[in-house]
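**Q** how does the following fold in three dimensions:
(4 chains)
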Protein chains: 2
Amino acid sequence: MAVTPPTERPANADSLRERKKRVTRTALIDAALRLVAERGLTQVTVEEISAAANVSVRTFFNYFRNKEDAVTGGGFITGERVTTMLRDAPPELSAMAAVRRAMLAEAQAVEENPAELVRLLSIADQTPSLKPQLIAAGEAVQRDLAAAVGERTGLDSSTDGYPGLVAAVSVAAFRHAVFRWHEGGQAHSLTELMDEDFGHLAVGLPDPA
Amino acid sequence: MAVTPPTERPANADSLRERKKRVTRTALIDAALRLVAERGLTQVTVEEISAAANVSVRTFFNYFRNKEDAVTGGGFITGERVTTMLRDAPPELSAMAAVRRAMLAEAQAVEENPAELVRLLSIADQTPSLKPQLIAAGEAVQRDLAAAVGERTGLDSSTDGYPGLVAAVSVAAFRHAVFRWHEGGQAHSLTELMDEDFGHLAVGLPDPA
DNA sequence: GGACAGGTTTGCGTAGCGTGCAAGATCGAC
DNA sequence: GTCGATCTTGCACGCTACGCAAACCTGTCC
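**A** So this is what the prediction gives:
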């Protein structure tokens, strides 16, 4: 056979090399999260993070552009799950109904293992300079989501505004629910808060009675 | 008279001192925008910006935390106008209707003098690292907006979710309209795009026919 | 106009950030 | 085992960002 050209085989996707990279990456993220949670972002240097992960500083910068990237590098929504859920949703659902479902599923996933997200959010509200970075992470999700909504509705997301609007608004609502959940000390269920927000959205955000 | 204590008079708000500060600040912003538009963010140093504004580098950092701040420092929505419009809107309007009005007014204001915003947006899409910063700038507006909506609806924006949701979603829609307007080369009227988006929102974002 | 208090600018020093480069180590395929 | 590709590392360098203290400017009171 040998269909694969000699030079076009980056890695087996689960080769030793790839595994090592994943280990290094998560080691750096873990070290960053731990140290920053202890002392605050500005009181931790890249050198310390690198040392804690047993790599050189130069290697740190091969993985992340900066300290902030390492802390938020785990990210909390991948967008992947959301978009596949959108594709698999029954076709009779409207786009917004499908998005609502996907977001609720995401919320449930978070609630099954909230510790990591809570740690990240706690760091974030002690470190205002992280917020832009966190928001930027959501941007990628929003782009994917817009494309998926476009696919679902048969609209070209680059010319028609609807898919992009749905994506922007949905991510905003998601974020709002997550922040509210966190601010309230996770007293209320994230799933409920999320459903409440998307319920408001679905009826056009009229004044509450 | 002499009601004012000796130490409690920071500045006349329009004293020579305050005017000089404003001049320096805008000189720095102008220099930053001009140089970055010419060469790109990474190809301009703080030293050059400072020199162009006739101040020392140290002074630059007295005004801005970093280069990005200087470029986006002008910001494009102040939030002030929006919130006062909200307060002055006829009380029979629903919160969303009032927000819609305010946002449309803001759009019209932009269209009367689009050059500055267009320049900023052009820089931004040649410099992806600026986007987080730009979006973060909208955060302040969102907070003000939430408070204003809370006032209007009689809800406490720190406990009730509705005002925050309206603010988050509205800012998202605003941003979406602005980006779309800019991506389309300002071919469509921003006001129209804005109204379209808020129209979708008002009816719960159903699938387009 | 002189003097004082508080605010602003500046230069200096310094720790840390972020990247290009080239040498060496490691891995994958044959 | 060998060879190419990839990853790690040290080194060097310029830029960023801030603390500090001296010099300077502004507003106010007498």
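**Q** what residue ranges in chain A score low on pLDDT?
**A** In the predicted model of chain A, residues A:1-13, A:74-77 satisfy pLDDT under 70.
**Q** identify the residues contacting stretch A:22-41?
**A** A:44, A:48-50, A:52-55, A:59-60, A:63-64, A:67-68, A:70-71, A:73-74, A:119-120, A:122-123, A:126-127, A:129-130 (C-beta atoms under 8 Å, 6 or more residues apart in numbering or on different chains). All C-beta atoms are positioned from the backbone trio N, CA, C, and that covers glycine.
**Q** write out the residues of chain A neighbouring DNA strand D.
**A** Listed as neighbours of DNA strand D in chain A under the rule C-beta under 7 Å from any atom of the strand: A:7, A:10-11, A:17, A:20-21, A:24, A:54-59, A:62-63.
**Q** only the buried subset of the residues you listed, as a PyMOL command please.
**A** To isolate the buried members of the residues of chain A next to DNA strand D in PyMOL, using 16 or more other C-beta atoms under 10 Å in any protein chain shown:
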select buried, chain A and resi 24+55+63
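**Q** near DNA strand C too, which of the residues of chain A next to DNA strand D?
**A** Near DNA strand C, by the rule C-beta under 7 Å from any atom of the strand, you find A:Ala11, A:Arg17, A:Lys20, A:Val57, A:Arg58 out of the residues of chain A next to DNA strand D.
**Q** the last one: which element?
**A** With elements taken from DSSP states H and E, the one containing A:Arg58 is helix A:57-63.
**Q** looking at the ones next to DNA strand C among the residues of chain A next to DNA strand D, which is nearest B:Ala137?
**A** B:Ala137 has its nearest neighbour among those in A:Val57, at 31.6 Å by C-beta to C-beta.
**Q** thinking the closest one is in contact with A:Tyr63, fair?
**A** No - at 11.2 Å, A:Val57 does not count as touching A:Tyr63 under the criterion of C-beta atoms under 8 Å.
**Q** ok, is stretch A:166-183 in contact with chain B or not?
**A** Yes - contact of stretch A:166-183 with chain B (C-beta under 8 Å from any C-beta of the partner chain) involves A:Val166, A:Ala168, A:Val169, A:Val171, A:Ala172, A:Ala173, A:Arg175, A:His176, A:Ala177, A:Phe179, A:Arg180.
**Q** most surrounded residue in the residues you listed?
**A** The most crowded member of the residues of stretch A:166-183 next to chain B, judged by other C-beta atoms under 10 Å in any protein chain shown, is A:Val166 (29 neighbours).
**Q** who touches it in this structure?
**A** A:Ala95, A:Met96, A:Val99, A:Leu145, A:Ala146, A:Val149, B:Leu205.
**Q** repeat that for 7 Å
**A** A:Ala95, A:Met96, A:Val99, A:Val149, B:Leu205 (C-beta atoms under 7 Å, 6 or more residues apart in numbering or on different chains).
**Q** how about A:Phe64?
**A** A:Leu28, A:Ala70, A:Gly73 are the contacts of A:Phe64 under C-beta under 7 Å, 6+ apart.
**Q** out of those residues, flag the one nearest to DNA strand D.
**A** A:Leu28 (9.7 Å; C-beta to the nearest atom of the strand).
**Q** nearest spatial neighbour of that closest one, skipping sequence neighbours?
**A** Nearest residue to A:Leu28 in three dimensions, chain neighbours excluded: A:Ala53, at 4.6 Å (C-beta to C-beta, 6 or more residues apart in numbering or on different chains).
**Q** who's in contact with that neighbour?
**A** A:Thr24, A:Ala27, A:Leu28, A:Ala31 are the contacts of A:Ala53 under C-beta under 7 Å, 6+ apart.
**Q** switch those residues over to TSV; also include distance to A:Phe198 and secondary structure.
**A** Formatted as TSV, the contacts of A:Ala53 follow (distance: C-beta to C-beta, whole Å; DSSP: H, G, I helix; E, B strand; the rest coil):
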residue	distance to A:Phe198	secondary structure
A:Thr24	39	helix
A:Ala27	37	helix
A:Leu28	35	helix
A:Ala31	37	helix
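**Q** what sits closest to A:Glu47 if chain neighbours are left out?
**A** Spatial nearest neighbour of A:Glu47, excluding adjacent residues (C-beta to C-beta, 6+ apart): A:Val57 at 5.5 Å.
**Q** next structured bit after the helix or strand hosting A:Phe179?
**A** Assigned by DSSP H and E, A:Phe179 belongs to helix A:161-183. The helix or strand immediately downstream of helix A:161-183 is helix A:190-202, counting by DSSP H and E.
**Q** please identify the buried residues of that next one?
**A** If you call a residue buried by 16+ other C-beta under 10 Å, then helix A:190-202 has these buried ones: A:Leu190, A:Thr191, A:Leu193, A:Met194, A:Asp195, A:Glu196, A:Asp197, A:Phe198, A:His200, A:Leu201, A:Ala202.
**Q** domain boundaries for chain A, per the record?
**A** Listed by automatic domain parsing, the domain ranges of chain A are A:15-72, A:79-202.
**Q** and the helix or strand hosting A:Gly138, does that touch chain B?
**A** Using DSSP H and E, the element containing A:Gly138 is helix A:131-153. Yes - against chain B, helix A:131-153 shows contacts by C-beta under 7 Å from any C-beta of the partner chain at A:Lys131, A:Pro132, A:Gln133, A:Ile135, A:Ala136, A:Glu139, A:Thr153.
**Q** so what's the fifth one closest to, chain neighbours aside?
**A** Nearest residue to A:Ala136 in three dimensions, chain neighbours excluded: B:Pro132, at 3.8 Å (C-beta to C-beta, 6+ apart).
**Q** output the residues of stretch A:166-183 next to chain B as a markdown table; include the columns distance to B:Leu35.
**A** A markdown table is the format used below for the residues of stretch A:166-183 next to chain B (distance: C-beta to C-beta, whole Å):
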| residue | distance to B:Leu35 |
| --- | --- |
| A:Val166 | 38 |
| A:Ala168 | 31 |
| A:Val169 | 36 |
| A:Val171 | 33 |
| A:Ala172 | 34 |
| A:Ala173 | 39 |
| A:Arg175 | 34 |
| A:His176 | 37 |
| A:Ala177 | 41 |
| A:Phe179 | 36 |
| A:Arg180 | 41 |
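**Q** turn these into JSON lines, including distance to DNA strand C.
**A** Shown next, in JSON lines, are these (distance: C-beta to the nearest atom of the strand, whole Å):
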{"residue": "A:Val166", "distance to DNA strand C": "34"}
{"residue": "A:Ala168", "distance to DNA strand C": "28"}
{"residue": "A:Val169", "distance to DNA strand C": "32"}
{"residue": "A:Val171", "distance to DNA strand C": "25"}
{"residue": "A:Ala172", "distance to DNA strand C": "27"}
{"residue": "A:Ala173", "distance to DNA strand C": "31"}
{"residue": "A:Arg175", "distance to DNA strand C": "24"}
{"residue": "A:His176", "distance to DNA strand C": "29"}
{"residue": "A:Ala177", "distance to DNA strand C": "31"}
{"residue": "A:Phe179", "distance to DNA strand C": "25"}
{"residue": "A:Arg180", "distance to DNA strand C": "31"}
